[in-house]
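Chemist: Sequence first, then the predicted structure, then my questions.
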Amino acid sequence: MITERLANPELAEFEVGGHTRASFLMRGALAAGAVYGTTAVAPFISNALGATTDVDILNFALTLEYLETDFYQVKAKTVGLTGQAKHDAANFGMEEAAHVAALTSAIKKSGGTPVPKPKFVFPVSSAAEFLGLAYTVENLGVSAYNGAGPLLKSKDLLAAAGSIVQIEARHAAAIGLLIGKSPTPSGGFDSPKTMKQVLAAAKPLIK
Amino acid sequence: MTTDLKEQEDDLAPQPRGIVEELVRDDVGRKKFLKAVGGAGAASFGAFVLAACGSSSSTTSTKSSTIASTPATTPAAAASVPASFGAGDVGILNYALTLEYLEQQFYAKVVKAGLFKGAVGSLVKEFGMQEGEHVAALHATVLKLGGTPAAKPTGKFPITTAAAVAKLAYVVENLGASAYLGQAASISSPAVLAAALAIHTVEARHAATLATLVPGGHVTPTGAFATPATAATVLAAVKPFIA
């Protein structure tokens, strides 16, 4: 059972078979573009199409962190959070903002241009709905970083991404406990997601 | 099995079902639970590890706003594992395997001691099973790479009170997460890296869960950026727990 898990297709994708890294990323992005249309997915598609450099991967992560920051720092104030949930949202929002700042800085240091912050739309109006979406978004963040990690060329950036993804996982677990969901929804192994999968999940939240 | 579950149901009275959820949902409930479980437990070990892993404040390090300023980017933080574990990825996997063996044994003893009931008991059991899955996966991967899996250490753990054990588990899981993070940049094979990352974040999830159970526990004890730990630091920290 365990060896099956290790040999599962999602992990195996990172061996990238006979494909180059670029074509691997492009296949996912193009397939997603075919589904959603390239305009709608612009913030992601532009990155994904050119995601042959670490800067492009960092910009992809930056878009997700913008989303999370906006969610915790703006949307959270409109849904009537109380108690531990309110406390967590405030803390997590600060931490996501720190990720935005760190990624922005890393992109500039690498000679890249940080992507602009997109406009987001979060279809939640109650605390319960907010926390449900928070759980989804944090888990998505974990799988996005875990998917992108092996694609980074720079070991320094990999270590930095690792220090961020661990925080996303902690957020996801804490939110899960708040709403009676598993802190470990994928069991013993957090499965990575491809660019296509992340895009499909995040797209409805981007205007 | 059915009998065990029934017994556990019967034992729920002092600790209502869904206690973890209630704890984190409700500050009052949380404080009550923390008061109920009492003392600090494993304090010296905890202090040592927290010192090794960085600040225990969840607010100060969120101010760190550049990746370059995080310890994770310091190549020295990814110090190599002792040669006795093997070379390259096999060495890193064997180092991780050793830690996972210890975690698995720790949880097995905790479960056997029956210190936790209800929702917390279920989570502890689940986490122990997941550590077992990590052991199996790492063992299989070492073999796949043509290496010799590290020998299983015999753990010795102070299984005393629920409070002390929860605290120790919290410390151990944070250490485990730091250990994986400390090795990520040293892994050569993308497939092995993907597997290590998949385990790394599960250790983090365990740590965050346990944080809700211990006095002074933080979901994100080092703020917005997790800190890596070197093999030397981690092995020194677990040495007292190897017979």
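Modeler: Received the coordinates, thanks.
Chemist: Can you give me the buried ones in stretch A:152-166?
Modeler: A:152, A:154, A:156-166 (16 or more other CB atoms under 10 Å in any protein chain shown). C-beta: built from backbone N, CA, C; applies to glycine.
Chemist: which two of the residues you listed lie the greatest distance from each other?
Modeler: Greatest spacing in those, by CB to CB: A:S154 and A:Q166 (18.2 Å).
Chemist: Let me see the ranges of the helices in chain A.
Modeler: Under the criterion DSSP state H, chain A carries helices at the ranges A:2-6, A:9-12, A:21-36, A:42-49, A:54-73, A:83-109, A:127-148, A:155-178, A:195-202.
Chemist: In chain B, where is pLDDT below threshold?
Modeler: By pLDDT under 70, the low-scoring segments of chain B are B:1-79.
Chemist: As a check, name the ranges of all helices in it.
Modeler: Remark: helices assigned in chain B by DSSP H are B:2-10, B:19-25, B:27-37, B:43-53, B:88-113, B:118-144, B:162-184, B:190-211, B:231-238.
Chemist: thinking again about what came up before, reformat the buried residues of stretch A:152-166 into JSON lines and put distance to A:A128 next to each item.
Modeler: Output for those, formatted as JSON lines (distance: CB to CB, whole Å):
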{"residue": "A:L152", "distance to A:A128": "36"}
{"residue": "A:S154", "distance to A:A128": "41"}
{"residue": "A:D156", "distance to A:A128": "40"}
{"residue": "A:L157", "distance to A:A128": "37"}
{"residue": "A:L158", "distance to A:A128": "37"}
{"residue": "A:A159", "distance to A:A128": "37"}
{"residue": "A:A160", "distance to A:A128": "34"}
{"residue": "A:A161", "distance to A:A128": "31"}
{"residue": "A:G162", "distance to A:A128": "32"}
{"residue": "A:S163", "distance to A:A128": "31"}
{"residue": "A:I164", "distance to A:A128": "27"}
{"residue": "A:V165", "distance to A:A128": "26"}
{"residue": "A:Q166", "distance to A:A128": "27"}
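Chemist: export the residues you listed to CSV and tack on pLDDT?
Modeler: CSV is the format used below for the buried residues of stretch A:152-166 (pLDDT from 0 to 100):
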residue, pLDDT
A:L152, 94
A:S154, 96
A:D156, 95
A:L157, 96
A:L158, 97
A:A159, 96
A:A160, 96
A:A161, 97
A:G162, 98
A:S163, 98
A:I164, 98
A:V165, 98
A:Q166, 98
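Chemist: Can you say which of the helices of chain A is nearest to B:L210?
Modeler: So among the helices of chain A, helix A:155-178 is nearest, using CB to CB, at 9.5 Å.
Chemist: what about stretch B:166-180 and chain A, any contact?
Modeler: Yes: Stretch B:166-180 comes into contact with chain A (CB under 8 Å from any CB of the partner chain), by way of B:A177.
Chemist: before we move on, back to that, going by distance to B:K167, which of the buried residues of stretch A:152-166 wins?
Modeler: The closest of these, once distances to B:K167 are taken by CB to CB, is A:Q166, at 20.2 Å.
Chemist: what sits against the residue most central in space within chain A?
Modeler: Centre of chain A computed as the mean C-alpha position; nearest residue by CA atoms, centre = their mean is A:G141, 3.0 Å away. By CB atoms under 8 Å, 6 or more residues apart in numbering or on different chains, the contact list for A:G141 reads A:64-65, A:68, A:165, A:168, A:171-172.
Chemist: Swap in 7 Å and give it another go.
Modeler: A:64, A:68, A:168 (CB atoms under 7 Å, 6 or more residues apart in numbering or on different chains).
Chemist: how near is it to B:K109?
Modeler: 34 Å (CB to CB, to the nearest Å).
Chemist: Could you do B:A96 as well?
Modeler: B:A96 is 21 Å from B:K109, by CB to CB.
Chemist: Counting neighbours around each, name which of those two comes out higher.
Modeler: B:A96 (30 against 17; other CB atoms under 10 Å in any protein chain shown).
Chemist: Disregarding residues adjacent in the polypeptide, which is nearest to the more buried one?
Modeler: For B:A96, ignoring the flanking residues on the chain, the nearest one in space by CB to CB, 6 or more residues apart in numbering or on different chains is B:L138 at 5.5 Å.
Chemist: Is the one you found in contact with B:V90, as I believe?
Modeler: No: B:L138 is beyond contact range of B:V90, at 10.4 Å (criterion: CB atoms under 7 Å).
Chemist: between these two, who's got more neighbours?
Modeler: Per other CB under 10 Å, whichever of B:L138 and B:V90 has more neighbours is B:L138, with 28 against 23.
Chemist: Return the residues in contact with the more buried one.
Modeler: Neighbouring residues of B:L138 by CB under 7 Å, 6+ apart: B:93, B:96-97, B:100.
Chemist: The same query, at a cut-off of 10 Å, please.
Modeler: By CB atoms under 10 Å, 6 or more residues apart in numbering or on different chains, the contact set of B:L138 is A:2, A:6, B:92-101, B:149-150, B:192, B:195-196, B:199.
Chemist: Okay, it and B:A196: tell me how far apart.
Modeler: 9 Å.
Chemist: Which neighbours do the two have in common?
Modeler: Both B:L138 and B:A196 are contacted by B:92-93, B:96, under the criterion CB under 10 Å, 6+ apart.
Chemist: Nearest to chain A among the residues you listed?
Modeler: B:L93 (11.4 Å; CB to the nearest CB).
Chemist: pretty sure that closest one contacts B:V192?
Modeler: Yes: between B:L93 and B:V192 there is a contact under CB atoms under 10 Å: 6.8 Å.
Chemist: which neighbours do those two share?
Modeler: Contact with both B:L93 and B:V192 is made by residues B:138, B:141-142, B:144-145, according to CB under 10 Å, 6+ apart.
Chemist: Got a PyMOL select line for the buried ones in those residues?
Modeler: A single PyMOL command is used to select the members of those judged buried by 16+ other CB under 10 Å:
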select buried, chain B and resi 138+141+142
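Chemist: can you put the shared contacts of B:L93 and B:V192 in JSON lines and add distance to A:T184?
Modeler: Output for those, formatted as JSON lines (distance: CB to CB, whole Å):
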{"residue": "B:L138", "distance to A:T184": "17"}
{"residue": "B:T141", "distance to A:T184": "20"}
{"residue": "B:V142", "distance to A:T184": "24"}
{"residue": "B:K144", "distance to A:T184": "25"}
{"residue": "B:L145", "distance to A:T184": "26"}
